[in-house]
Every structure is written in C-alpha cells, then in structure tokens.
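Asker: Next input, structure requested:
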Amino acid sequence: MPARSKLSKRGGVRRKTFQTGFIAYGRAPKTRRICFIRDICAEGARIELAEVFSPPPHFVLEIREALPPRNAHVVWRDGRHVGVSFRETEGLVEPMAPLARWPA
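Answerer: As a prediction, this is how the structure comes out:
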C-alpha cells in the first residue's frame, strides 16, 4: 500500500498564518498558555508553543483572529511544534467572554 501524503492525512490544504492563540485546559479557572498558529485548515492546525510545556491530549484552542474557540486533539508533537485536529466534542468548548478578555 502506498504511503499517504501529508495532504491526505490532514484532509485539507492548510494555509500559512501567524496568528496568536491560547491553549486552554483544566477546570475553571482554565489554564491558558499562549501559542502561535503557523498553519491552519478546517480540519486542524500546526501550532508553536511560546514556552516549553506538554499540552494535554485534548484542549480548547482559542484563536484571537477567529471565533469561536475550537476543540483540539493532539495528533503529533515535535519539540515546540504540535499538530492538532479539530473535533466537535459536546461539552468541551465553553462560551467565550467578550473580546475585552484578549490581552492588548
């Protein structure tokens, strides 16, 4: 069987970006860690961690330039880069606070 290309594994063509986001997890108050979205498509994204830590296998990815937040599942890790797929999981995403919540 031939190896699947990255495109077919992802399920969509990713577009390069440099958006700021947050990895949010845990119970209220949620832990939020800053990250940078390097490329994104409807099915997932490649993010770069702003600090060294190991994100949990499932978290909410809050993207500053794109609402609403997305349920994310870690697919791969390579140093500070993490590949995630987006999932529509009931109950994981909580409504966001008003935009004033984002740091200036």
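Asker: Surely residue 69 is in contact with residue 60?
Answerer: Yes: using C-beta atoms under 8 Å, residue 69 is in contact with residue 60, at 4.9 Å. All C-beta atoms are positioned from the backbone trio N, CA, C, and that covers glycine.
Asker: Show me what residue 23 bridges to in the sheet.
Answerer: Residue 23 forms beta bridges with residue 33, residue 61, as assigned by DSSP bridges.
Asker: per-residue pLDDT, it?
Answerer: Note for residue 23: predicted pLDDT of 95.
Asker: and the closest residue to residue 19 other than its chain neighbours, bridged to which residues?
Answerer: Leaving aside its sequence neighbours, residue 19 sits nearest to residue 37 (C-beta to C-beta, 6 or more residues apart in numbering; 4.3 Å). Following DSSP bridges, residue 37 is listed with bridge partners residue 19, residue 47.
Asker: how far away is residue 37 from residue 29?
Answerer: Between residue 37 and residue 29 the computed distance is 23 Å (C-beta to C-beta, to the nearest Å).
Asker: Pick out whichever of the two has more residues nearby.
Answerer: Higher neighbour count among residue 37 and residue 29: residue 37, with 21 against 7, using other C-beta atoms under 10 Å.
Asker: Determine the longest strand present in this protein.
Answerer: strand 66-78 (DSSP state E).
Asker: show me what contacts the residue nearest the centre of the chain?
Answerer: By C-alpha atoms, centre = their mean, the chain has its centre lying nearest to residue 61, at 4.0 Å. Contacts for residue 61 (C-beta atoms under 8 Å, 6 or more residues apart in numbering) come out as 21-24, 35, 37, 45, 47, 69-72, 84, 86.
Asker: Nearest to residue 13 among the residues you listed?
Answerer: residue 45 (12.6 Å; C-beta to C-beta).
Asker: quick one: that closest one and residue 23 touch, right?
Answerer: No: applying C-beta under 8 Å as the test, residue 45 and residue 23 come out as separate, 11.2 Å apart.
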